[in-house]
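In: just to be clear, the model below is a prediction. Sequence and coordinates:
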Amino acid sequence: MKPSAAKPPVPALEKPLEGWRLRWYTIIFEADTRAGRIFDQTLIGVILLSIGVVMADSVQSIHQVHGRTLTWLEWIFTLLFTAEYLARLLCVRRPMQYATSFYGVIDLIAVLPTYLALFVPGLHALIDVRVLRLLRVFRVFKLTAYVAEYQSLARALSSSRRKIMVFLSAVLMLVLVMGTVMYVVEGPVNGFTSIPTSVYWAISTVTTVGFGDITPKTDLGRLISSFMMLLGWGTLAVPTGIVTAEMAAHRRLDWMQVTTRTCHECLTEGHAADADFCFHCGARLPHYKAEEHGAKGEPQAQRPRESR
């Protein structure tokens, strides 16, 4: 028999999470435990404070008096966010996969402006991009219901995207035709100097915004304008009905308890409390860690998993 080829050693960061990495992962990436909720709520508070500092620093009267203090505060926030970003990379199995994910890119962008501002001062204002990190609010207040509704809305929009595209195409054709008609009826004398300008007027009229910078002066133009405003009320209700119908259809299928439970392999969030495998990559999920108690009073994380 041929000796079996020795398997290459598995990098340390590729090994299953255990010890301090597992504890950090549960706290940083999930919000079903008290520590996880406190971490996420504290993070959002720090993000809001850092944004407030940047906004205050942009006011000249405040900057002249407290500019040095605000600069120090900004660097403190940046160092905290940098430490948090490095902690996220250390406690996941595949750091590059997290770094290139949506939240990973947002977390990186949140710390880069301060460092880049050392070389290009004008980039300092981009620090307000940290507000994008507040997207984590959907998992912060645990809020299984909020997470479920967010996912339901995302599925409904995805399912109805073709219908909405057809609807938008019809609206685009409508405003193009009506804008051209108004260009012919009103002409440059009444402010409709070109077809693009007339189309802009048609869009603002159909959406019932009506900035008032261009208004029809002839009786025929006012008649067309009135028709388009009335049409706009009915037009705006169409996409709402499409998405609502899709949400109602998906709601009938939503029966699982959705949590912030995250797959260690692909970082996909939102698995049911009793799931054994990731619905995205199929990897086996670790025991669910939460502080909600079951019917017998013991923590859910300690209950044995039934064989499937």
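Out: Thanks, I have it. Numbers count the residues shown, from 1 in each chain.
In: where do the helices of this protein begin and end?
Out: For the chain, the helices defined by DSSP state H occupy 19-29, 34-57, 60-90, 95-99, 102-116, 137-140, 144-159, 161-185, 195-206, 219-251.
In: who's in contact with the nearest residue to Arg88 once chain neighbours are set aside?
Out: Distances taken as Cβ to Cβ, 6 or more residues apart in numbering place Ile28 nearest to Arg88, at 5.9 Å, with adjacent residues excluded. Backbone N, C-alpha and C define where each C-beta goes, glycine included. For Ile28, the contact set (Cβ atoms under 8 Å, 6 or more residues apart in numbering) comprises 36, 39, 84, 87-88, 91.
In: and which of the residues you listed is nearest Val46?
Out: The closest of the contacts of Ile28 to Val46 turns out to be Glu84 (Cβ to Cβ; 8.9 Å).
In: now that closest one: how far from Ala245?
Out: 41 Å (Cβ to Cβ, to the nearest Å).
In: of the two, who's got more company?
Out: Comparing Glu84 with Ala245 by neighbour count (other Cβ atoms under 10 Å), the higher total belongs to Glu84, at 18 against 14.
In: grab the nearest non-local neighbour of that one.
Out: With Cβ to Cβ, 6+ apart, the residue lying closest to Glu84 is Leu43, at 7.0 Å.
In: how far away is the residue nearest to Arg88 from Gly232?
Out: 47 Å.
In: go on, Ala56?
Out: In terms of Cβ to Cβ, Ala56 sits 41 Å off from Gly232.
In: list just the nearest of the contacts of Ile28 to Ala272.
Out: Out of the contacts of Ile28, the member with the shortest distance to Ala272 (by Cβ to Cβ) is Gly36, at 17.6 Å.
In: how about the closest one, what does it touch?
Out: 26-30, 260.
In: now these as TSV including distance to Ser160 and pLDDT?
Out: Output for the contacts of Gly36, formatted as TSV (distance: Cβ to Cβ, whole Å; pLDDT from 0 to 100):
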residue	distance to Ser160	pLDDT
Thr26	36	86
Ile27	37	87
Ile28	34	87
Phe29	31	85
Glu30	31	81
Thr260	26	73
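In: can you select the buried ones among those residues for me in ChimeraX?
Out: With 16 or more other Cβ atoms under 10 Å as the criterion, this ChimeraX line picks the buried residues out of the contacts of Gly36:
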select :26,27,28,29,30,260
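In: just name the closest of the contacts of Gly36 to Leu116, please.
Out: Nearest to Leu116, judged by Cβ to Cβ, of the contacts of Gly36 is Ile28 at 25.3 Å.
In: next, count neighbours for Pro196.
Out: Neighbours around Pro196, by other Cβ under 10 Å: 10.
In: any idea how far Met178 is from it?
Out: Distance from Pro196 to Met178, by Cβ to Cβ: 13 Å.
In: with Trp20 instead?
Out: Distance, Trp20 to Met178, using Cβ to Cβ: 65 Å.
In: how about Ile242?
Out: When Ile242 is compared with Met178 (using Cβ to Cβ), they lie 23 Å apart.
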